[in-house]
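# Task: produce atomic coordinates for the following.
(chains A and B)
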Amino acid sequence: MKRMPDSFIAVSLLVMVFLYLPVVILIGLSFNVSTMGVAWKGFTFQWYEKLVMDRAILQAAVNSVVIALVSTGLALILGVGTAIGLETRQGGQKSWVNMILLLPLVIPEILLGVALLMVFVLCQVHLGFSTIIIGHMVFNLPLTIVIVRARLRKLDPAWEDAARDLGATSWDVLTRITLPLLRPAIWGAGLLGFTVSLDDFVVTFFVAGPGSTTLPLKVFSMIRTGMTPEINALSAVMVVVSMVCVGLSWFVQQRSTPASSESSYL
Amino acid sequence: MHESVGLDKVIKTHGSVRAVDHVSLSIQNGEFFSILGPSGSGKTTILRLIAGLDRPDQGDILIQQRVVNSDPPHERPVNMVFQHYALFPHLSVYENVAFGLKMKGEHQANIQKSVRHMLALVRLEGKETRLPGQLSGGEQQRVALARALINRPVVLLLDEPLAALDQQLRQEMQGELKRLQREVKATFICVTHQQDEAMMLSDRIAVMDRGKLLQVGTPQEIYDHPASSTVARFIGLSNVLSGTIARCEGTLCRVEHDVLPPVMATCSPRDSPQGGVTVMVRPERVHVSPDMSANGYDNRLQAIVHQVLFTGNEVVYHVRLRDEAIWMARVPIAEAQASPLVVGQPVYVQWWAHEGLVLPAHTAPC
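Residues are numbered from 1 along each chain as shown, chains lettered A, B, ... in the order given. Prediction:
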C-alpha cells in the first residue's frame, strides 16, 4: 500500500482530536474525585457507584432500553417487509416511494418532534411509551429499509430462481433463502436502530409524557441543576454502549461480505 | 424415440426485444442437445421457458408430449444448472444438494442416502460440510450438477455450464458431462456460445441469433452445410466472399465479384440461389502457395501474406486479398515447413469448387 503523505496524516489526527477530545475529557472527568471544575484531584469509581444506586436513573435506563427494543423490533418487521416488497416489485422502481420513505432521515428532527406532538395532541393520544415508540419508528423505519435494501440488491436473483426450480414455494424462498441471506443486514439495522433510539433526545423530548423519562431526557433534566460528575459517569456509560452497538452493527455487516454473490461467481 | 421437450411457435418478448421469435424445436429423449448462439440471442430465455421460470407470450411448451405452459417450475420434471451455478451461499454442500428433496418432503433417511449417492456420482465425497465459497470453480460446478440431478429430472437444463471454468478444467468437465448423461439417462439441453463445446458434446445443435432459430442439425451437418453465412461464421472460422450469381449448372455456380475474378462454388441441391450470395471456404480447405499449383484448382486468387501464426501442429496464414479482405489458411506443420512463406510475400490462394459453399447473403430462417 502506498504510504500517505505526512500532511495528510497530520490533518487526519487533528480531525480525530476535534471529534473525540470532548468525549475523552468527559470520560476522564467521570473518574475525577473533584465535584467542581476540571481540576484533577484523584481517581475514583464513586460517581459510578452513585449512579447505580440512583433509582430514577436506573428507571430511565430501563425505559430507554425497552423503548429502543420495541421501536427497533417493530421497525425491523415493517422495514424488512417493505424492503423486500420494493425490491421484488416488477416494473420500474418507484422513485417517489423512495423519496417519501427516506424523507424522515433528512427532515430536521425538531420538525419531526413538533409535527408528531401536534398529531398526538390532535388525536388525543396519551403521551408516554407508545408515543415515544412511534416517534422513534419514524426514523428507525427508513434506516432499516435503506440497510436491508442495500443487501437485497447484492443478492443474486438466480438464487431465487434456483430455489423455485428445485421445488420451493414463495414462502420457502423467503424463509430458507432470502431471510437467512439478509440476516447480517437485519442485525446491522437492528443494532444501529437500537443505538439511535437509545440516544435520541429531540423527538423524545416532544412526545414523552410523565413517567416515560428516558436516559437522554434524564441527563438533560439533571444538567439544569448543574454539571455534576454523576452526569459525566452516566454520559460515559452511554457513549460506550453506543459505540459498542454501532461497532457490532458495522462488524456483522462487514463479516457477511464473503457470503455475498461475488464468492459464488468464482 | 419419443419427444422429451417440444417448443411450438414460441414467442417471448422482454420489453421491446423479441428474445424468442417463433421458435419450434423437438428434442428427443436421451439426447444431448445444444443451443448455440452469441450472447443475447435468446438461448437462455429458451431454457427459462422450459424450466417454467418464464412463461411464453405465445406458443406452447411441451414436456413429454404434454403442454406445460402454465405449470409452475416445481411441477415440471425439469431441473436447471445455472450459469454461475447459483449455489446457496449460506448452505453447506450437503444442504445445497438436499434442497430439492427437502422441498418435496422426503424422509431424512432417504435424503441422506440420495445425497451420498449423488455426491459419489459427481466425485465430491467428503466435502459435505463445506460452504460453496470454500470450493473451487470445478467443485462448485459439480455441486450444481448434483443439486439438479438428485431430483431425477427427465430433462436437465444447463446454462453455459463450462463458461466459468478455465481451459483445462473445461475439457475435463466436458468428459464428465457426457459420462453423467450416460449414467442418469436424462435429456440434456445445454446453452453455450462456445462452438467447439457444442460440437464436442452434442448429438444435435440448434444455432440461434437474435431470437430466431437459424438451423438445427448434427454437428457434422451444421459444419459441412451451414444454412446461412451467419451460421457458417458462428460454427468454426471461415473465409467469406460476397458476390452475385452469374449462372448455375446443377449445384455448380459461378459467382462474380466487383474486384476479384469470378469463382466457382457449390450450392445445396435444395435451393437455387439468385442475386447476392456469400461464398464460404473453410480455412483448412484453402491452399496457399507462392506459385500456381500444377493440381489445377478451380479457383485461384492473388493475395499477400499478412500474418503467419504458429499454433504447434499447424501454421495459420492470414492473407490479404485484392479487395482488402483477410482470408485464413490452415496448413499442417510439415507442409508449411517444407515451403515456408513470409509476411509480405505475394501468393496464390487456391481451392476446389466443391469446397466453396454458396450461401444466401442475408440471414434467413431455415
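
# What parts of chain B come near chain A?
B:48, B:51-53, B:72-74, B:78-80, B:82-90, B:99-100, B:103-104, B:131-133, B:136-137, B:140, B:147-148, B:151, B:164 (CB under 8 Å from any CB of the partner chain). Where C-beta positions appear, they are placed from N, C-alpha and C, glycine not excepted.

# Among those, which lie within helices?
Mapping these onto helices (DSSP state H) picks out B:Arg48, B:Ala51, B:Phe99, B:Gly100, B:Met103, B:Lys104, B:Gly137, B:Gln140, B:Arg147, B:Ala148.

# What subset of those is buried?
Taking 16 or more other CB atoms under 10 Å in any protein chain shown as the criterion, what is buried in those is B:Arg48, B:Ala51, B:Phe99, B:Gly100, B:Met103, B:Gly137, B:Gln140, B:Arg147, B:Ala148.

# Generate CSV for these, with pLDDT as supplementary columns.
What follows is these, written out as CSV (pLDDT from 0 to 100):
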residue, pLDDT
B:Arg48, 92
B:Ala51, 93
B:Phe99, 94
B:Gly100, 93
B:Met103, 92
B:Gly137, 86
B:Gln140, 92
B:Arg147, 94
B:Ala148, 93
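
# Max pairwise distance over these: which two?
B:Met103 and B:Gly137 (26.3 Å; CB to CB).

# Is A:Ala60 located within a helix, as I assumed?
Yes: when DSSP: H, G, I helix; E, B strand; the rest coil is applied, A:Ala60 is found to be in a helix.

# Ramachandran angles for the residue nearest to it when sequence neighbours are not counted?
The shortest distance from A:Ala60 to any non-neighbouring residue, by CB to CB, 6 or more residues apart in numbering or on different chains, is to A:Lys218 (4.0 Å). Main-chain torsions, A:Lys218, degrees, to the nearest 10: phi -60, psi -50.

# ok, A:Lys218 - how many residues close by?
Look at A:Lys218: counted by other CB atoms under 10 Å in any protein chain shown, it has 20 neighbours.

# May I ask you to confirm that it is in contact with A:Ala56?
Yes: A:Lys218 is within contact range of A:Ala56, at 6.9 Å (criterion: CB atoms under 8 Å).

# in the longest helix along chain B, what counts as buried?
Secondary structure of chain B per DSSP H: the longest helix is helix B:167-184. Judged by neighbour count (16+ other CB under 10 Å), helix B:167-184 contains these buried residues: B:Leu169, B:Arg170, B:Met173, B:Gln174, B:Glu176, B:Leu177, B:Leu180, B:Gln181.

# The first one and chain A, how far apart?
This points to B:Leu169. 12 Å (CB to the nearest CB, to the nearest Å).

# Apart from its neighbours in sequence, what residue is nearest that residue?
Closest to B:Leu169 by CB to CB, 6+ apart is B:Gly138, at 4.8 Å.

# swap in A:Thr82?
That would be A:Ile145: by CB to CB, 6+ apart, it lies 5.4 Å from A:Thr82.

# do the same with B:Val286
B:Ala329 (4.1 Å).

# and what of B:Val288?
B:Ala329 (4.5 Å).

# Tabulate the buried residues of helix B:167-184 in JSON lines, adding columns for pLDDT.
Output for the buried residues of helix B:167-184, formatted as JSON lines (pLDDT from 0 to 100):
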{"residue": "B:Leu169", "pLDDT": "82"}
{"residue": "B:Arg170", "pLDDT": "84"}
{"residue": "B:Met173", "pLDDT": "84"}
{"residue": "B:Gln174", "pLDDT": "86"}
{"residue": "B:Glu176", "pLDDT": "86"}
{"residue": "B:Leu177", "pLDDT": "88"}
{"residue": "B:Leu180", "pLDDT": "88"}
{"residue": "B:Gln181", "pLDDT": "89"}
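
# Out of those, flag the one nearest to chain A.
Set against chain A, the nearest of the buried residues of helix B:167-184 by CB to the nearest CB is B:Leu169 (11.9 Å).

# gap between the closest one and B:Leu145?
Distance, B:Leu169 to B:Leu145, using CB to CB, to the nearest Å: 14 Å.

# Tell me, how many residues neighbour the residue in the stretch 151-300 of chain B that chain A sits nearest to?
Nearest to chain A, among the residues of the stretch 151-300 of chain B, is B:Asn151, at 6.8 Å (CB to the nearest CB). As a burial measure, B:Asn151 scores 21 neighbours (other CB under 10 Å).

# just B:Val17 next, same as before
Neighbour count of B:Val17, defined by other CB under 10 Å: 13.

# what does A:Ser7 give?
8.

# mind showing which ranges of chain B have poor pLDDT?
B:1, B:269-273, B:293-294, B:361-366 (pLDDT under 70).

# Can you pull the domain assignment for it?
B:3-224, B:237-360 (automatic domain parsing).

# Report the next helix or strand after the longest helix of chain B in sequence order.
strand B:187-192 (DSSP states H and E).

# which helices and strands does the helix or strand hosting the residue nearest to B:Val288 pack with?
Here B:Ala329, judged by DSSP H and E, is contained in strand B:326-332. Helices and strands touching strand B:326-332, as assessed by 3 or more CB pairs under 8 Å, 6 or more residues apart in numbering or on different chains; DSSP states H and E, comprise strand B:287-289, strand B:314-321.

# Give me the angle between that strand and strand B:314-321.
Here strand B:326-332 runs at an angle of 150 degrees relative to strand B:314-321 (axes from the mean of the first three to the mean of the last three CA atoms, to 10 degrees).

# Any buried residues in strand B:326-332, and which?
In strand B:326-332, residues buried by neighbour count (16+ other CB under 10 Å) are B:Trp327, B:Met328, B:Ala329, B:Arg330, B:Val331.

# which residues in the stretch 151-300 of chain B form strands?
For the stretch 151-300 of chain B, the strands defined by DSSP state E, counting those that start in this stretch occupy B:155-159, B:187-192, B:204-209, B:212-217, B:239-249, B:252-256, B:263-266, B:276-281, B:287-289, B:299-310.

# Okay, now the sheet partners of the longest one, with direction.
Read that as strand B:299-310. strand B:314-321 (antiparallel), strand B:346-351 (antiparallel) (DSSP bridges).

# what residues does that strand touch?
With contact meaning CB atoms under 8 Å, 6 or more residues apart in numbering or on different chains, strand B:299-310 is reached by B:260-261, B:263-265, B:288, B:292, B:315-322, B:326-327, B:341-353, B:356.

# Next, the angle from it to strand B:252-256.
Going by the same axes, to 10 degrees, strand B:299-310 makes 80 degrees with strand B:252-256.

# what about the strands in the stretch 1-150 of chain B?
Using DSSP E, counting those that start in this stretch, strands in the stretch 1-150 of chain B cover B:3-14, B:17-28, B:32-36, B:58-63, B:66-67, B:78-81.

# What helices and strands are in contact with the third one?
Contacts of strand B:32-36 with other secondary structure elements, assessed using 3+ CB pairs under 8 Å, 6+ apart, are made with helix B:43-51, strand B:187-192, helix B:195-201, strand B:204-209.

# helices or strands up against the first one?
With contacts defined as 3+ CB pairs under 8 Å, 6+ apart, the packing partners of helix B:43-51 are strand B:3-14, strand B:17-28, strand B:32-36, strand B:58-63, strand B:78-81, strand B:155-159, strand B:187-192.

# Go ahead and confirm B:Val315 touches B:Ser339.
No: in this structure, B:Val315 is not within contact of B:Ser339 by CB under 8 Å, at 10.9 Å.
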